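Asker: have a look at this prediction, sequence included:
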Amino acid sequence: MHPLQHHFRSWLPSLSTPPSTALSPHARTIPARKSSHSPATHVLGLHYGSTGAAQSLRKSFLHRMSFLCKDGLLGEAFSLLYEMESEGVPVGPEFYGELLQGCIYERALPPGRQIHARVVKRGDFFHKNDYLETKLVVFYAKCDGPAAASRLFVRQRRRNVFSWAAMIGLHCREGFSEDALVGFCDMMCDGFLPDNFVIPNALKACSAVRLLGCGREIHGFALKMGFGCCVFVQSSLVDFYGKLGSMEAARKVFIQMPEKNVVTWNSMLVGYTQNGLDAEAMKIFHDMRVENVEPTRVTIASVLSASANLQALHEGRQSHAVAVLCGLELDNILSSSLINFYCKVGWTEDAELVFGRTLETDMVIWNLLVSGYVRDGQIDKAFHMYHKMREENLRFDSVTLASILSACADTENLKLGKEGHGYSIRNSLQTDLAVASSTVDMYAKCGRIELARLAFDTAVNRDLILWNTLISAYAQCGLSGEATRLFYHMQLEGVTPDIISWNSVLLGLMRSGQVDEAYDMFSQLQSSGEQPNLVTWTTLISGFAQNGHGQEAIEVFVLMQERGLRPNAASIVGVTMACTDIASLLYGKAIHGYIMRQGLLSSPQPQVVTSLVDMYAKCGNVYLSRKTFDLSPRKELPLYNALISGYAVHGLAEEALALFMHMHEQGIKPDAITFTGLLSACSHAGLVDEGLEVFTKMVSEHNLCPCMEHYGCVTTILARQGNIEEAIKLISEMPFKPDTKILGSLLAACKENHLIELSKYLSRYLFEREPENQVNYVTLSNTYAADGKWNEASKTRGTMKEKGLQKDPGCSWIHLGTDLHTFVATDMSHPQTDLIYEDQETGLLAMPGGHDFDDP
DNA sequence: ATAGGGTTAG
């Protein structure tokens, strides 16, 4: 328990009986401080009330003085003081009080000091005047004179609510929240009831020290005091609950407020954004617009932050427009929110525009732009900015460094990432946990797991996120053993895994094909008390689908919905892959119907439509694949790749090449996957010249580095053509050792060309080298299959099963699979395929009954 | 009374 909690407990009982003021009619309407208790009127007329004329003269002077001070015209107020002195008008304490109040408005320390000096000079009647003593404490507390404020406060003979409030506020502003709370308690012990000006400060201190209980007690106290309708008190309660992450409580306070102002709305908005509830923040902003609340810079900054997190392009743009319309100037905070938003959504030029218009830039703004450039891949510009920053003596801090490193991770920029790591060491920033996590993540995403491990091992302290980062790093590359080990290790070190840790372990198991272990881990998760979330389910669905357990994937998809989770884009992609895996056009169409009705096709997730195009092609219906492709409003590289490889599966090389041309016209650059599709299309269709031309293009025009699969296609093309010697030459010139698959395709070609000797040699070579390697069986089976020898192919599979060998998830029954898909295509003219299976009542996607294909 | 930039999972 926090020591202050004790302090609070000690005066808590006194609050159980409501203070008497609560019963007075005044308590409902909170009077302004000035009229509630004005020591000025107290003093007025006590000593100077001799004649009526003199009194009215003084009154008129006081009126003018007060007018000037309220307008911040301090110079003229001083002139008036001199005028009074020279004309012999008596200057009472109330004049000095007004002047001090003017200094407080203007936050002007030196003139206030002059007043203080005059007060002291005029002797004890002024110096020891309660009203002036209080005013001086308030003045020093507000105008950056903390030492003087404390000194005067300690010396003050009769403290009151005002001087207490000033001191508590001072402690708050200086960040001494505990002092503020102690002051709050002492004030009550002294018998002063806090007013509606102190309570906000006390709440602010509570949220700074994260004392939820104390804040609640103050809440109850405020209600008893009759501050239930005070906008100030209630707004600070909203802010307080929001700061402590309790948005339900904040909302409760917010809803019952009869009167709200911008600050109230802003507090709600800020609460939502700071608790990661960005969608709710957008809703609040919407309500504000509906209620015609004039937004402030705070409003816009928060909405921009939510928009950036949500990638809400339109909303962010709109709030920028609102800021312009409201005439809000570009101060540092608004400007940095805008730059952050524009960088996050990838509109770097707009961020530059805002940067150029910002009057006064600071470190945050520069840093934001630098990490925006890195994210956008404009490394030159980033370095340029970095050097300009150095000229202005501004440096990266841990916040920017973390975001730069994470941008390096996304763009796989190992070189820059290493420089960032070096920078963090040179500037002792690597102790920062966010920097450490992003360093580990950067090395992992750049494919250097050993360096990621090193960065993790050298970290001074480790939190949940750092553990998760390394677990996920191992999971990504399928090193499930290490991921699982770390999962137990973290618990031994007293760090409780969260759902992200579980999900990463599951992913690792799936990536390494340990489907049963993954399922087992999932059962453990369910009995652990942690709730599986959408990511968990999606990991399972995609994992099953990618490991050839399409049926289980679909079952999990149905189960997920029974548990009340709505499928999102990622889970839909997973289940579509499952349909592809089991080559079920029937299920695939059902999913397609579901997607259409849920409006998921227009979602900004292009993967959904890509997976459909892929599914239709691999389930044998190229027509529907093409149709889905054509209907997609946005066509990016992955979508083209899906259709090209779809054409390849069906040996439709002409179509694949035509699509490639079309891509080129649309200005879309091909990648290695595109060429895999094109080459395999050519090899399936036996287009020798075209295939070789594509291969040359890939290397010389597009500067892409061919992988084993590309070489494999070219080998097949050459071998099928009968050009075995060229094929062998190509294999021997590859920059890496040939795998069994490529030798297998050579083997198949040998058979076709009746090169029995070479064929036998290759077979012997493969089986002698790796007698227990299942891949050889797969290769042989696939070779038979490609040759149309289904029986031999099945027999080879049978032998493999007899030997107790399991097919490695990394390889598949490629050729047989392809033909299976083609087989399915011809068989799927069944009328049932047009039915859409969805339960009208529950909206759950219902799967029609068993539907298996035997090997042909 | 409210205010800007950061790290992990599908």
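Answerer: Yep, it's here.
Asker: please count neighbours and contacts with C-alpha atoms only from this point.
Answerer: OK.
Asker: quickly check: stretch A:142-162 near DNA strand B or not.
Answerer: No - contact of stretch A:142-162 with DNA strand B (CA under 7 Å from any atom of the strand) is absent, the minimum separation being 10.5 Å.
Asker: and that stretch, how far out from the chain's middle?
Answerer: Chain-centre distance of stretch A:142-162: 45 Å, with CA atoms, centre = their mean, to the nearest Å.
Asker: show me which residues of it are buried.
Answerer: A:142-143, A:145-146, A:149-150, A:152-153, A:156, A:159-162 (16 or more other CA atoms under 10 Å).
Asker: with secondary structure and pLDDT added, can I get these in JSON lines?
Answerer: Output for the buried residues of stretch A:142-162, formatted as JSON lines (DSSP: H, G, I helix; E, B strand; the rest coil; pLDDT from 0 to 100):
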{"residue": "A:142", "secondary structure": "helix", "pLDDT": "79"}
{"residue": "A:143", "secondary structure": "coil", "pLDDT": "81"}
{"residue": "A:145", "secondary structure": "coil", "pLDDT": "79"}
{"residue": "A:146", "secondary structure": "helix", "pLDDT": "79"}
{"residue": "A:149", "secondary structure": "helix", "pLDDT": "81"}
{"residue": "A:150", "secondary structure": "helix", "pLDDT": "78"}
{"residue": "A:152", "secondary structure": "helix", "pLDDT": "79"}
{"residue": "A:153", "secondary structure": "helix", "pLDDT": "77"}
{"residue": "A:156", "secondary structure": "coil", "pLDDT": "84"}
{"residue": "A:159", "secondary structure": "coil", "pLDDT": "84"}
{"residue": "A:160", "secondary structure": "coil", "pLDDT": "82"}
{"residue": "A:161", "secondary structure": "helix", "pLDDT": "80"}
{"residue": "A:162", "secondary structure": "helix", "pLDDT": "84"}
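Asker: of all those residues, which comes closest to residue A:287?
Answerer: residue A:142 (35.5 Å; CA to CA).
Asker: how far away is residue A:290 from residue A:266?
Answerer: 15 Å (CA to CA, to the nearest Å).
Asker: the two: which is more packed in?
Answerer: residue A:266 (26 against 9; other CA atoms under 10 Å).
Asker: just want the residue of the stretch 501-650 of chain A that's nearest DNA strand B.
Answerer: residue A:535 (3.8 Å; CA to the nearest atom of the strand).
Asker: quick one: the closest residue to that residue other than its chain neighbours from residue A:570, how far?
Answerer: With sequence-adjacent residues excluded and distances taken as CA to CA, 6 or more residues apart in numbering, residue A:535 is closest to residue A:503, at 7.1 Å. For residue A:503, the distance to residue A:570 equals 14 Å [CA to CA].
Asker: so between those two, which is more surrounded?
Answerer: Counting neighbours by other CA under 10 Å for residue A:503 and for residue A:570 shows that residue A:503 has the greater number, 26 against 19.
Asker: and the most centrally placed residue in chain A, what helix or strand is that in?
Answerer: Centroid-nearest residue in chain A: residue A:309, 5.4 Å away (criterion: CA atoms, centre = their mean). When elements are assigned from DSSP states H and E, residue A:309 belongs to helix A:297-310.
Asker: okay, now the unreliable bits of the stretch 551-700 of chain A?
Answerer: For the stretch 551-700 of chain A, applying pLDDT under 70 flags the ranges A:602-604.
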